[in-house]
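Chemist: mind looking at a prediction? Sequence and model below.
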Amino acid sequence: MRIDKWLWAARFFKTRSLASEEIQKGRVQVNEIQAKPSKELKAGDLVQFKQGIHQRTVKVLGFNATRGPASVAQLMYEETPESLNLRALTSERHRLNMEPALSIKDGRPTKRQRRDLDEASFEWDDRWSASID
């Protein structure tokens, strides 16, 4: 079975064209060798690919020509213990080191908010003019 069809049928990618794009970009390896979309898979092959922020390594156990339910798709592969550990570590790092831009709630200040900030930070003291006198 072709690797792009297998990745689609095993539900790693939503469409077969997305799977093919990832393969053509060089992000999928079969037995540590960069693959092409037409690469034929055999049972026992190790497939390495990136899915979102996670690097996954799975062992091919079976094939299904059609994309079925997730319960059937999970029988087509087995994820390696190293891959599971790496995925847990990556998830934990991602949870602890959130993107700084995500903490911004209000965005840029409006014109009124900028004026209020300028007025609050500016002190005239006892002077009412801008002259040095």
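Modeler: Yep, that arrived.

Chemist: residues touching the residue nearest to R16 when sequence neighbours are not counted, list them.
Modeler: Take R16 and drop its neighbours on the chain: the residue closest to it by Cβ to Cβ, 6 or more residues apart in numbering is W8, 4.2 Å away. For every residue, glycine as well, the C-beta is placed using N, CA and C. W8 sits next to T15, R16, L18, A19, R67 when contact means Cβ atoms under 8 Å, 6 or more residues apart in numbering.

Chemist: please pick the buried ones from these.
Modeler: R16, A19, R67 (16 or more other Cβ atoms under 10 Å).

Chemist: any chance of those in CSV, plus secondary structure and distance to D116?
Modeler: Rendered in CSV, the data for those read as follows (DSSP: H, G, I helix; E, B strand; the rest coil; distance: Cβ to Cβ, whole Å):
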residue, secondary structure, distance to D116
R16, helix, 55
A19, helix, 53
R67, coil, 56
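
Chemist: show me the shaky parts of this structure.
Modeler: 121-133 (pLDDT under 70).

Chemist: the strands in it, which residues?
Modeler: 28-30, 33-34, 46-51, 54-60, 77-79 (DSSP state E).
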